[in-house]
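Chemist: based on what follows, work out the 3D shape:
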Amino acid sequence: MLVRPGTLEDVPAIMALVRRVVPLMQAEGNQQWDATYPNAAVFARDAELGQLWVALEAGQLLGMAAITTDQEPEYAVVGWDLTEAAIVVHRLAVDPAARGRGLALGLMAQAEVEARHRGIATLRVDTNVQNAATQALFPKLGYTLAGEIGLGFRPGLRFRCYEKRLH
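Modeler: Below you'll find the predicted structure:
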């Protein structure tokens, strides 16, 4: 597996991956993503800002994540200090055909690499309450549940917030 920065040229493959992921998410009751979010413009912006990361096997793009410092204002609801610098993982997804092969682990490990590189000791992530896979993954990686929030840009959905402190 190779994890590398994503580029604008990766956006079509990412959107193809999203089209494979969304129906499965929705079938599992997870409405976090739909036909309008995330879209190509979101991933293009991630690439332009240098915060898009992709995971590949044998040259095939099989996973992606935005590794950012963007914290949602609603994170304050769980007691997080939004003035504290944090690496935040958004839009993490793995191709359904490649689940269980460590791609999500590789992308989450890249978030830690970015945090250490930038001298940031806090990592944060949120996930839809219906996303059982990430709710199992994050604690295994040392993240602790901080609480649950709503997000203004995804009305009607609830999200669990997780945090990890690097030593």
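Chemist: look up how far Leu123 lies from Arg158.
Modeler: 21 Å (CB to CB, to the nearest Å). Yep, even glycine has a C-beta here, placed from its N, CA and C like the rest.
Chemist: which one of those two has more residues nearby?
Modeler: The neighbour comparison of Arg158 against Leu123 (other CB atoms under 10 Å) goes to Leu123, with 24 against 14.
Chemist: need the phi and psi values for the more buried one.
Modeler: phi -120, psi 140 (degrees, to the nearest 10).
Chemist: show me the contact partners of stretch 114-122.
Modeler: 67, 69, 84-87, 123, 163-167 (CB atoms under 8 Å, 6 or more residues apart in numbering).
Chemist: the same query, at a cut-off of 6 Å, please.
Modeler: Identification of contacts with stretch 114-122 by CB atoms under 6 Å, 6 or more residues apart in numbering yields 67, 85-87, 123, 165-166.
Chemist: give me the buried subset of the residues you listed.
Modeler: 67, 86-87, 123 (16 or more other CB atoms under 10 Å).
Chemist: taking those residues together, which two end up most distant?
Modeler: Farthest apart among the buried ones among the contacts of stretch 114-122 by CB to CB are Ile67 and Ala86. That separation is 11.2 Å.
Chemist: one step back: which one of the buried ones among the contacts of stretch 114-122 is nearest Pro23?
Modeler: Sorting these by distance to Pro23 puts Ile67 at the head of the list, at 25.8 Å, by CB to CB.
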